[in-house]
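Q: fold the following for me, if possible:
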Amino acid sequence: MIKLLLNSVRFPLKPSCFTNRFLSLFFVGMFFVLNYVGCASEQSFDTSTPGGSFAKAKYLEDEERFEEAIMEYQSLKNRFPYNKLAVQSELRVADIQFNREAYIESQHAYQLFKELHPKHEKSDYVTFQLAMSYFNQLPGSIDRDLTIAQDAIIYFDEVILTYPNSPFAAKSKEYKAKAYKMLAEKELYIARFYLIREMYDSALLRYENMLKNDKAKDLAPKALYGATVSAVKSKEKIKAKNYFNILTTQYASSDEAKKIQTEYGNELR
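A: Predicted coordinates for the structure are as follows:
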């Protein structure tokens, strides 16, 4: 529309006071025209009906006026609680919160939706989004609290087990593995903390817990190295030899195997 109006206007080649005045008036006029068009497009929704209210909320959402969109969706739900668009509005609110990275809010919204509509046709999607809301709250550093990873895993598992044919099942497996890896790295971090501070019994316990955990198998060489050193320092020679042998035979090409050979090879062979 602006392009059409600009193309229809012919400006003088040389600037003058008249030209400047004309341009000022022109752009002021354009502002009011566009403002009127914007207001008219909003006013065209009949919000006294569920369809009109939903259409307005979607328009506001598409315009990235998220707070206004949420208010309109919630208004629809309150005024027409038994209309099918009320349910869709609940889900749209959750999606808006997720898309703008308000993950605590989206977590609560998806959780409430699951409780209110347990048999909804999009239950697999809602459960996956709930899991992702937890997952995306995880800190970027393993030295911080990762407890919430367990909540994410619970809902990823629900998607995998309850909806195995869902398009979200594969992604759930992928992110579940990522969550387990973070937890394993956290356990390794704590074990190293104890080892560095010469709390060898506590370190050994942490390393042994890692070795019992199938989800931490990618970190097995590091856990075996730590367990061997901790056992040596704790004077548990039988355990030390056992972990040494596993590391140097099953993971012979690893850096940890080479390192343990150099440090304790003569003592533990």
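Q: would you map the helices across the stretch 101-250 of the chain?
A: Remark: helices assigned in the stretch 101-250 of the chain by DSSP state H, counting those that start in this stretch are 103-116, 123-135, 148-162, 169-196, 200-212, 220-233, 237-250.
Q: I'd like these as JSON lines, with mean neighbour count, distance to S44 and mean pLDDT appended.
A: In short, each C-beta sits where N, CA and C put it, glycine included. Below are the helices of the stretch 101-250 of the chain laid out as JSON lines (neighbours: other CB atoms under 10 Å; distance: least, CB to CB, whole Å; pLDDT from 0 to 100):
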{"stretch": "helix 103-116", "mean neighbour count": "18", "distance to S44": "29", "mean pLDDT": "98"}
{"stretch": "helix 123-135", "mean neighbour count": "23", "distance to S44": "31", "mean pLDDT": "99"}
{"stretch": "helix 148-162", "mean neighbour count": "19", "distance to S44": "40", "mean pLDDT": "98"}
{"stretch": "helix 169-196", "mean neighbour count": "18", "distance to S44": "39", "mean pLDDT": "96"}
{"stretch": "helix 200-212", "mean neighbour count": "19", "distance to S44": "62", "mean pLDDT": "96"}
{"stretch": "helix 220-233", "mean neighbour count": "24", "distance to S44": "63", "mean pLDDT": "96"}
{"stretch": "helix 237-250", "mean neighbour count": "18", "distance to S44": "70", "mean pLDDT": "95"}
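Q: ok, now which ones touch the closest residue to L195 other than its chain neighbours?
A: With CB to CB, 6 or more residues apart in numbering as the criterion, L195 has its nearest non-adjacent residue at 4.0 Å, and that residue is A203. With contact set as CB atoms under 8 Å, 6 or more residues apart in numbering, A203 has these partners: A191, R192, Y194, L195, G226, S230.
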